[in-house]
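**Student:** Dropping the sequence and predicted coords here.
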2 protein chains.
Amino acid sequence: MTKNDIKKKWTTVFSADAAGYSRLMCQDEITTVITLTTYRTIMTDLVEAHQGRVVDDVGDNLMAEFHCAADAVTCALAVQQKLHDENTNQPEDKQMRFRIGINYGDVIAAGKRIYGTGVNIAARLESMADPGGICISREVLERVKPRMPLQVESMGQYRMKNMCRPIDLYRIVPTHQEGPETKTEIQHSHHKED
Amino acid sequence: MTKNDIKKKWTTVFSADAAGYSRLMCQDEITTVITLTTYRTIMTDLVEAHQGRVVDDVGDNLMAEFHCAADAVTCALAVQQKLHDENTNQPEDKQMRFRIGINYGDVIAAGKRIYGTGVNIAARLESMADPGGICISREVLERVKPRMPLQVESMGQYRMKNMCRPIDLYRIVPTHQEGPETKTEIQHSHHKED
């Protein structure tokens, strides 16, 4: 691989990780791996249905890339709604909830892989999301705001090592509806960071 | 995926990770991705040459599985020697050194993926290895000792969350020879943990 095979680009990175994965594995490895595999398939299908691409999925993590930030957010909402519905069929201590982080930023693309700051920030946002929740950066919010209604709460700023400026974080306010027949609906409201 | 598609097994897990990856990316993303890709190819070739299988390689991590613990250790020594030789052609601040951890333990195999305690311990051993070094568990040492001479130093015990017993760690004493013409040779000596 040479410099010609590598390009810088801006893209939307979606990172999902199972909260409490170690605890679940410790309780029951077989059931946890079955649930993880099932939920990963659900996520992969939803990523593809929203014009995204799964970049990799190792252990309890799934990383995807979207051309359009609004598609990534719509996908994340659909994933959390679908996994919420799936979890209602499981006893409380077997439920698997994913944290999702979404960032729009610059990455290094080498073949099908992506690297760099934009990826690292998405992973950091994901780690700061609530289980079953979605955490986005200001860059995502600003791109999505004109295109879809979205209720968010500021989570303040986060300063990453080796980055000159802090990242503004926002939690998407959950709007899960109980029952399997409900759809993913985004509440119409003003977001609170203004 | 059902319970029938999943099996428990014992295997040797090899986990490698680039030390100082964030710092290198911060200095020069393009060069770092080229080096990472080159070194990953070297590792993959050596894993396959030693009857191993790359399970996944995401970001700066590579995980492989070996039927035979001695093959995993021989491979790790060959990897560190080869990367050491490659690094001598790079300026000091661009050198990329991998930490390698090797564990023999029980895993959950689901298709080509592996999960569970045996994998987590390998990742933990890797994080405790020196850059350019190899850290193995007692389970690996005991399987390899009768089959090949190996100089090791005890690194004490590590207690992982959710595990009833601590893990005994050993550092393989480095025997890198300077110059690209040298081979991977394992020093004949008594290991120090007795």
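**Tutor:** Thanks, I have the structure now. Note that the coordinates shown come from a computational prediction; the quantities given were computed from them, not determined experimentally.

**Student:** which secondary structure elements does the longest helix belonging to chain A contact?
**Tutor:** As far as residue count goes, and with DSSP state H defining each element, the longest helix of chain A is helix A:29-49. With contacts taken as 3 or more Cβ pairs under 8 Å, 6 or more residues apart in numbering or on different chains; DSSP states H and E, helix A:29-49 sits against strand A:6-18, helix A:21-27, strand A:52-58, strand A:61-66, helix A:69-87, strand B:6-18, strand B:98-110, strand B:113-115. All C-beta atoms are positioned from the backbone trio N, CA, C, and that covers glycine.

**Student:** Could you tell me the least trusted of those?
**Tutor:** Taking each of the helices and strands packed on helix A:29-49 in turn, the lowest mean pLDDT turns up on helix A:21-27, with a mean of 88.

**Student:** In contact with the spatially closest residue to A:T38 that is not a sequence neighbour, which residues are there?
**Tutor:** Among residues not flanking A:T38 along the chain, B:M1 sits closest, at 6.7 Å (Cβ to Cβ, 6 or more residues apart in numbering or on different chains). Taking Cβ atoms under 8 Å, 6 or more residues apart in numbering or on different chains as the criterion, B:M1 is in contact with A:33-34, A:37-38, B:110-111.

**Student:** Equivalent analysis for A:D60, please.
**Tutor:** Residues near A:D60 by Cβ under 8 Å, 6+ apart: A:17-18, A:21, A:36.

**Student:** Which one (most neighbours) among the contacts of B:M1?
**Tutor:** Scoring the contacts of B:M1 on neighbours with other Cβ atoms under 10 Å in any protein chain shown, the highest-scoring entry is A:V33 at 24 neighbours.

**Student:** And the pLDDT at that residue?
**Tutor:** According to the per-residue confidence, A:V33 scores 95 in pLDDT.

**Student:** Quick check, it in contact with B:I114.
**Tutor:** No: with contacts counted by Cβ atoms under 8 Å, A:V33 stays clear of B:I114, the gap being 9.6 Å.

**Student:** shared neighbours of the two, which are they?
**Tutor:** Counting by Cβ under 8 Å, 6+ apart, the common neighbours of A:V33 and B:I114 are B:I108.

**Student:** And the residue nearest the centre of chain A?
**Tutor:** In chain A, the C-alpha nearest the mean C-alpha coordinate belongs to A:I100, at 2.8 Å (Cα atoms, centre = their mean).

**Student:** Identify the residues contacting A:G111.
**Tutor:** Under the criterion of Cβ under 8 Å, 6+ apart, the contact partners of A:G111 comprise A:1, A:5.

**Student:** Contact residues of chain A facing chain B?
**Tutor:** A:1-3, A:6, A:8, A:22-23, A:25-26, A:29-30, A:32-34, A:36-38, A:56, A:58-59, A:61, A:63, A:108, A:110, A:115-117, A:119-120, A:161-162 (Cβ under 8 Å from any Cβ of the partner chain).

**Student:** mean confidence for stretch A:154-164?
**Tutor:** Averaging the model's pLDDT scores along stretch A:154-164 yields 83.

**Student:** chain center to that stretch, what's the gap?
**Tutor:** Its chain's average C-alpha position is 18 Å from that of stretch A:154-164, according to Cα atoms, centre = their mean, to the nearest Å.

**Student:** Touching it from outside, list them.
**Tutor:** For stretch A:154-164, with Cβ under 8 Å, 6+ apart as the criterion, the contacting residues are A:117, A:120-121, A:124, A:128, A:135, A:166-171, A:192-193, B:22-23, B:26.
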